[in-house]
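> Need a 3D model of the sequence below.
(one chain, ligands or ions: 1)
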Amino acid sequence: MSGACPALPARLRVVDSHTLGEPTRVVVDPVATAWLTGSGSVHQQRDAFGRDHDAIRRALVADPRGVDAMVGVILVPPADPRCRFGAIYFNRVGFLDMCGHATIGLAVTLGHLGWITPGRFGLETPAGVVAVTWHGADSASFENVPARRTARGVHLRCDDGREVRGDIATSGLWFFITSDHGETVEPAAIPRLAARGWAIRRALAAAGHTGDAGAVIDHVVLLGPPADPGNDGRNFVLCPDGAFDRSPCGTGTSALVGCLHEDGRLAEGVTWRQESILGGVYEAAVRREAGAIVPTVRGRAWITGESLLSFAGDDPYRLGLPPLSPQGTVP
Ligand code: PYC
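Residues are numbered from 1 along each chain as shown. The predicted structure follows:
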């Protein structure tokens with residue numbers, strides 16, 4: 001049960017936050033530098049961490065120390081000279097190339113610690129360079145890697161009999177985005193929305209749809225009208241760990257505004273207010289640069305704790321509980 005993991009210390013400092021309800025845990029303990037066995041780009045360092053220390057990932061964010069939907073962040077030295085920090089993102093089932101809510105949580109955490117002052121800094125992620133701005137207090141934004149739609153109006157026949165049409169798009173992570181899902185996007189429908197999301201994931205896998213280089217399309221965005229007429233839309237986002245995003249999903253909102261722009265529904269520089277299933281709002285916009293669509297997303301995060309996690313040597317769940325359900329798998 002406990003497994004060996006000599007690189008995991010008995011105590012580890014972390015700062016926790018939530019971005020419109022979606023939790024982030026940033027490791028702020030110097031011991032984490034010992035985990036960095038790789039060199040080169042953040043992508044390469046992330047792969048080396050996954051190869052040599054994957055047990056630490058679950059120990060940090062899975063039960064009993066993590067909470068549902070939590071994304072962890074480990075800071076690494078950036079290779080790109082434009083960047084001040086590098087970030088590795090992960091959840092209880094694996095790694096993420098980029099994570100919008102965790103980037104906002106990271107900026108607010110760095111500000112809270114006094115490691116940055118308000119302003120802009122470069123962040124190297126496995127997906128590429130992201131320009132992050134801490135606006136002070138709870139507010140942060142990030143200019144994401146470009147948004148790209150790779151397939152439009154994809155038809156899927158789900159194993160529950162429903163047929164859906166939607167787009168495959170990316171902006172750091174891979175998404176299937178659809179309004180054609182037959183559900184009401186409201187909190188009372190979360191179990192049905194999650195079931196619909198999984199049915200779509202199975203249909204994507206069965207039909208062989210992937211992102212670049214066979215990447216799994218592991219996030220599903222179900223769109224609906226906003227609850228607040230002051231906003232532009234609402235979403236439910238199913239994440240690969242089986243949790244739904246409590247925030248409107250930073251990378252998902254980036255991919256969405258890219259599609260809206262391509263469809264002529266969102267002009268450059270105009271703000272799109274994206275509501276989450278719980279009602280939290282990201283403000284997003286796009287600009288064009290050398291043909292690419294560059295999204296920016298702004299949101300708010302709050303510190304929820306500064307903790308010293310304990311990993312006692314005789315704790316049978318020192319490395320986290322084993323996966324308890326088929327979440328994160330496409331049966
Ligand atoms: O905000 O990009 C995001 C995100 C991805 C998964 C959970 N949150």
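> quick one, helices of the stretch 201-331 of the chain?
250-262 (DSSP state H, counting those that start in this stretch).
> Kindly report the same for the stretch 1-150 of the chain.
Using DSSP H, counting those that start in this stretch, helices in the stretch 1-150 of the chain cover 42-61, 100-113.
> Same list (those) but as JSON lines, adding mean pLDDT and mean neighbour count.
Yep, even glycine has a C-beta here, placed from its N, CA and C like the rest. Shown next, in JSON lines, are the helices of the stretch 1-150 of the chain (pLDDT from 0 to 100; neighbours: other CB atoms under 10 Å):
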{"stretch": "helix 42-61", "mean pLDDT": "97", "mean neighbour count": "20"}
{"stretch": "helix 100-113", "mean pLDDT": "99", "mean neighbour count": "27"}
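> Nearest to the ligand, out of the ones you listed?
helix 100-113 (3.4 Å; CB to the nearest ligand atom).
> Mind checking if the closest one is in reach of the ligand?
Yes - applying CB under 6 Å from any ligand atom, one finds helix 100-113 touching the ligand at 100-101.
> same check, this time on stretch 221-234
No - shown here: stretch 221-234 not in contact with the ligand (CB under 6 Å from any ligand atom), separated by at least 10.5 Å.
> What residues does the nearest residue in space to Gly94 that is not next to it in sequence make contact with?
Leaving aside its sequence neighbours, Gly94 sits nearest to Pro240 (CB to CB, 6 or more residues apart in numbering; 6.7 Å). With contact set as CB atoms under 8 Å, 6 or more residues apart in numbering, Pro240 has these partners: 91, 93-94, 216, 218-219, 328.
> and Val28, how many neighbours does it have?
18 (other CB atoms under 10 Å).
> now do Ser141
Other residues close to Ser141 by other CB under 10 Å number 24.
> Could you double-check that it lies in contact with Gly299?
Yes - Ser141 is within contact range of Gly299, at 7.4 Å (criterion: CB atoms under 8 Å).
> so where is the protein shaky, pLDDT-wise?
Along the chain, the parts satisfying pLDDT under 70 run over 1-3, 325-331.
> So it: which segments form each domain?
For the chain, the structural domains run 11-144+303-310, 148-285, going by automatic domain parsing.
> between these, which gets nearest to Pro295?
domain 148-285 (3.9 Å; CB to CB).
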